[in-house]
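Participant: Quick one: sequence plus predicted model below, questions after.
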Amino acid sequence: MTDLLNIAYVQPDIKWHNIDGNLCQYDKLLADISGADLIVLPEMFSTGFTNQIEGTAQTMEGSAVKWMQRTAAAKNAALMGSLLISDNGLYFNRLVMAHPNGRLEWYDKRHLFRMGCENDSLTPGREIKIFEYKGWRIRPVVCYDLRFPVWLRNTGNNYDLLVCVANWPTARHSIFETLLRARSIENQCYTAGVNRVGTDGLDIDYSGGSAIIDIYGGVMSQLSENQIGVGRATISLTKLNAFREKFPTTLDADDFSINI
């Protein structure tokens, strides 16, 4: 078990539908990164947010996932980010976590962004996932999921770190920042929100704002708007557990179940 978890998060300008070009970009951005336990990339990091399946969707044996495994091993860190994945004839916005030993875990985005017609071509996920890594329990979610607090409710303190990978447009940038802080406060957890910058192939603008939020809803680390780069933060399990013991809101939380 590791008390301190060192997180590095990447805020890129994703090259539209250019998998090889994006992987090369990440190699350069991560070249000087050392000592990280967890590295987080944004939503659809290899293509940009797209509903175009042909030429962009890959299988779990594709070049992007293989690159994740190689990079996780080289950096001795877990690597997370979502991709457009083809699996048994269905297509998913899949958040993949590659462990340093090559093991893969994944979560399929539950709430597909209907305003962007994501639900027309992709299949929604059916499972809540919690990844365990170095004694930390990590809850992965993707972009639009962040708007649904019932889906993310941390009943019984089941997770310690919420990771939201996103392609969150500039037009709703303030909402992204507000929801990251709200999710940390209501769930008594750390939250990592990782976004992109630039303009995609549909002329949608993104201004970043990637950040690590602490257990009080405060900003521990944040990249500037429109900044391409890597941010860092170190979070503490000891501090988290001490706060939960001192202010045990979970004891008064409502019991409920989710129909999936």
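Facilitator: Structure's in. What do you need?

Participant: If you drop the residues flanking it in sequence, what lies closest to Ile185?
Facilitator: Distance criterion Cβ to Cβ, 6 or more residues apart in numbering; nearest residue to Ile185, sequence neighbours excluded, is Gly217 at 4.2 Å. No exception for glycine: its C-beta is placed from N, CA and C like everyone else's.

Participant: what's the pLDDT at the one you found?
Facilitator: For Gly217, the model assigns a pLDDT of 98.

Participant: give the contact list for it.
Facilitator: Contacts for Gly217 (Cβ atoms under 8 Å, 6 or more residues apart in numbering) come out as 181-182, 184-185.

Participant: 7 Å instead?
Facilitator: Applying Cβ atoms under 7 Å, 6 or more residues apart in numbering to Gly217 gives the contacts 181, 184-185.

Participant: Out of these, give me the one that has the most neighbours.
Facilitator: Neighbour counts for the contacts of Gly217 (other Cβ atoms under 10 Å) peak at Ser184, which has 25 neighbours.

Participant: Tell me the helices and strands packed up against the helix or strand bottoming out on mean pLDDT in the chain.
Facilitator: Scoring the helices and strands of the chain by mean pLDDT, DSSP states H and E places helix 118-121 at the bottom, with a mean of 94. Here helix 118-121 touches no other helix or strand, going by 3 or more Cβ pairs under 7 Å, 6 or more residues apart in numbering; DSSP states H and E.

Participant: what about the helix or strand that that helix is followed by, distance to the chain center?
Facilitator: Going down the chain from helix 118-121, the next helix or strand is strand 131-133, by DSSP states H and E. Averaging C-alpha positions (Cα atoms, centre = their mean, to the nearest Å) puts strand 131-133 14 Å from its chain's average.

Participant: So which bits of strand 131-133 are buried?
Facilitator: Within strand 131-133, the residues that qualify as buried are 131, 133, counting by 16 or more other Cβ atoms under 10 Å.

Participant: shaky segments in the protein?
Facilitator: Across the chain, nothing is flagged by pLDDT under 70.

Participant: Helices along that one, start to end?
Facilitator: Per DSSP state H, the chain carries helices over the ranges 19-29, 63-75, 118-121, 149-152, 173-187, 237-246.

Participant: how about the nearest residue to Ile212 once chain neighbours are set aside, what does it touch?
Facilitator: If the residues on either side of it in the chain are set aside, Ile212 comes closest to Ala233, at 3.8 Å by Cβ to Cβ, 6+ apart. By Cβ under 7 Å, 6+ apart, Ala233 lies in contact with 7, 212, 220-221.

Participant: For Ser184, see how far away the residue nearest to Ile185 is.
Facilitator: According to Cβ to Cβ, to the nearest Å, Gly217 stands 5 Å off from Ser184.

Participant: again, but for Ala57
Facilitator: 33 Å.

Participant: before we move on, the earlier item: closest one to Phe45 among the helices of the chain?
Facilitator: Proximity to Phe45 (Cβ to Cβ) singles out helix 19-29 among those, at 6.5 Å.
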